[in-house]
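Visitor: Have a look; sequence and predicted model below, questions after that.
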Amino acid sequence: MTKSNSFLHNLMKPFKFGSRREGGNEEELERIAAQEQKIFSYDTLLAATKNFNPHHKLGEGGFGPVYKGKLDDGREIAVKKLSQSSNQGSKEFMNEAKLLARVQHRNVVNLLGYCVHGTEKLLVYEYVPHESLDKLLFKSHKREQLDWKRRLDIITGVARGLLYLHEDSHNCIIHRDIKASNILLDDKWVPKIADFGMARLFPEDQTHVNTRVAGTNGYMAPEYVMHGHLSVKADVFSYGVLVLELISGQRNSSFSLEGDAHNLLDWAYKLYKKGRCLEIVDPALAASAVTDQIAMCIQLGLLCTQGDPQLRPSMRRVVVMLSKKPGHMEEPTRPGVPGSRYRRHRRPNNGLTSTAGTSGGADSDSRTSDSSSNYTTTATAGTSSAAPEVLDTRGKRPILEG
Ligand SMILES: Nc1ncnc2c1ncn2[C@@H]1O[C@H](COP(=O)(O)OP(=O)(O)OP(=O)(O)O)[C@@H](O)[C@H]1O
């Protein structure tokens, strides 16, 4: 059979009922329909993961364990078994998962489909072979693998993925948890944003927060932590922290004090103001650094982490800035103080009671002006005794189909 004939033959296969039984045809059609809907049967996932064999376990995050699997057609997958703490009904879960499975981008870990089995809910992702970014960037013997070109590619790729989630997917998705451990790298070092849309799948975020690892993650925008104002600009803030971590090789949450700087952002900003921003650069970049690109990215990171969310650029603007040759960019104002949603113990006044550096009017911001103003979400503040304890209403946007 010629190539084109065999192509036609394959194309017609599902419709050639010929000698098959009626029931067989129905099964076939059901299978095709299921594929469309991206539903995986539990049996398929059991077979792919060898009954969720512990040897296949990739790890366990706040939402439950993740297993590596292989489908019959050879595709490698990662199956996330959602912990039972999600009170979401099966129907709603399926609706949400169906929507999220339509999110497809080179820089986002694609959700291939989902499965509901009794009370169990599972998500099926494409398998991303490399480690997560934090395991490379913050390990001294591994970070050498991340030369400047790779880091710049990661900065650019994550920006594109976020832009897609915010503006170009079927409805605006605010990630809310951008951090190095949620960036997976494939075998060609292409960065992929993991764990998007979890807020949609865990409506009772309060429960979820309690099950998650406590500790300051250092990525959360101050207005979100302190006042529960959630907008795309909260992701922009976290992205800015990630950019500065990529350049400095330092984890913001475990930043060792440098002079009078309180955190990585503060340190970068102070040096920037003195015209010495390149002092933050990771020594591991010495051989590969392109200084004008690095200086541009430091300025970009500082623009993204400004205290006032309105002053932070949109991800579209970030992508445009990254696509241009280093040139004119706005001057960043003071960075905000990053916080964490996941702190288990409340601390007495710890200096995080204000959105430091916020240049007037930050609070009047994103609710009214942002594209995501429908997010009335508030998180468990928890970073200060003065912070209001408010309920997370999940920040769901109305779904704009199409
Ligand atoms: N699509 C995937 N391909 C390969 N490995 C994955 C995939 N998704 C998750 N993993 C791995 O599974 C482990 C658990 O991931 P998960 O996203 O559930 O939690 P986490 O990122 O470690 O923590 P958190 O829930 O706080 O974000 C991690 O080691 C992660 O690298």
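Guide: That came through, no problem.

Visitor: For residue 123, which three-state class applies?
Guide: Following DSSP: H, G, I helix; E, B strand; the rest coil, residue 123 is assigned to strand.

Visitor: what about it, how many neighbours?
Guide: 27 (other Cβ atoms under 10 Å). For the C-beta atoms, the positions are set from N, CA and C on the backbone; glycine is no exception.

Visitor: Now name the helix or strand holding the closest residue in space to it that isn't next to it in sequence.
Guide: In space, and not counting its chain neighbours, residue 123 is closest to residue 80: 4.5 Å by Cβ to Cβ, 6 or more residues apart in numbering. Assessed by DSSP states H and E, residue 80 sits inside strand 76-81.

Visitor: can you pull the buried residues of the following helix or strand past that strand?
Guide: Using DSSP H and E, the helix or strand that follows strand 76-81 towards the C-terminus is helix 90-100. Residues 93-94, 96-97, 99-100 are the ones in helix 90-100 that count as buried (16 or more other Cβ atoms under 10 Å).

Visitor: Then stretch 244-254?
Guide: Neighbour counts over stretch 244-254 (16+ other Cβ under 10 Å) mark 244-253 as buried.

Visitor: May I ask which two of the residues you listed are separated the most?
Guide: Taking Cβ to Cβ as the measure, these span a maximum distance of 16.2 Å, between 247 and 253.

Visitor: so can I have JSON lines of the buried residues of helix 90-100 showing pLDDT and distance to residue 295?
Guide: Shown next, in JSON lines, are the buried residues of helix 90-100 (pLDDT from 0 to 100; distance: Cβ to Cβ, whole Å):
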{"residue": "93", "pLDDT": "82", "distance to residue 295": "46"}
{"residue": "94", "pLDDT": "83", "distance to residue 295": "48"}
{"residue": "96", "pLDDT": "80", "distance to residue 295": "42"}
{"residue": "97", "pLDDT": "85", "distance to residue 295": "43"}
{"residue": "99", "pLDDT": "81", "distance to residue 295": "40"}
{"residue": "100", "pLDDT": "86", "distance to residue 295": "37"}
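
Visitor: which one of these sits closest to the ligand?
Guide: Checking the buried residues of helix 90-100 against the ligand with Cβ to the nearest ligand atom, the nearest one is residue 100 at 13.4 Å.

Visitor: For that closest one, which non-adjacent residue is spatially closest?
Guide: Per Cβ to Cβ, 6+ apart, closest to residue 100 is residue 197, 4.3 Å.

Visitor: Does the one you found touch residue 171 like I think?
Guide: No - contact status for residue 197 versus residue 171: not in contact, 10.1 Å apart, counting by Cβ atoms under 8 Å.

Visitor: Between those two, point out the one with more neighbours.
Guide: Counted by other Cβ under 10 Å, residue 197 and residue 171 do not tie: residue 197 has more neighbours, with 22 against 16.

Visitor: now that one: how far from residue 318?
Guide: Shown here: residue 197 relative to residue 318, a distance of 21 Å by Cβ to Cβ, to the nearest Å.

Visitor: contacting residues for the residue of the stretch 1-150 of the chain found nearest the ligand?
Guide: Closest residue of the stretch 1-150 of the chain to the ligand, Cβ to the nearest ligand atom: residue 61 (1.9 Å). Contact analysis of residue 61 by Cβ atoms under 8 Å, 6 or more residues apart in numbering lists 80, 195.

Visitor: Report pLDDT for it.
Guide: With respect to pLDDT, residue 61 scores 81.

Visitor: Report the residue spans of the stretch 301-402 of the chain with pLDDT below the cut-off.
Guide: For the stretch 301-402 of the chain, applying pLDDT under 70 flags the ranges 326-327, 339-402.

Visitor: quick one: the closest residue to residue 309 other than its chain neighbours and the ligand, what's the gap?
Guide: The shortest distance from residue 309 to any non-neighbouring residue, by Cβ to Cβ, 6+ apart, is to residue 233 (3.8 Å). Counting by Cβ to the nearest ligand atom, to the nearest Å, the gap from residue 233 to the ligand is 21 Å.

Visitor: quick one: residue 233 is in a helix?
Guide: Yes - Residue 233: assigned to a helix according to three-state DSSP.

Visitor: what residues do residue 197 and residue 171 have in common as contacts?
Guide: Taking Cβ under 8 Å, 6+ apart as the criterion, residue 197 and residue 171 both touch residue 99.

Visitor: Domain ranges for this structure, per the record?
Guide: 36-126, 130-323 (the TED database).

Visitor: Let's see the distance spanning the last one from one end to the other.
Guide: Start and end residues of domain 130-323 are separated by 26 Å (Cα to Cα, to the nearest Å).

Visitor: number of nearby residues for residue 333?
Guide: The burial count assigned to residue 333 is 18, neighbours taken as other Cβ under 10 Å.

Visitor: didn't it look like it was pressed against residue 311?
Guide: Yes - look at residue 333 against residue 311 with Cβ under 8 Å: they come within range, at 6.0 Å.

Visitor: Spell out which residues of the protein are next to the ligand.
Guide: The chain has residues 58-63, 66, 78, 80, 109, 125, 127-128, 132, 181-182, 184, 194-195, 212 near the ligand, with proximity defined as Cβ under 6 Å from any ligand atom.
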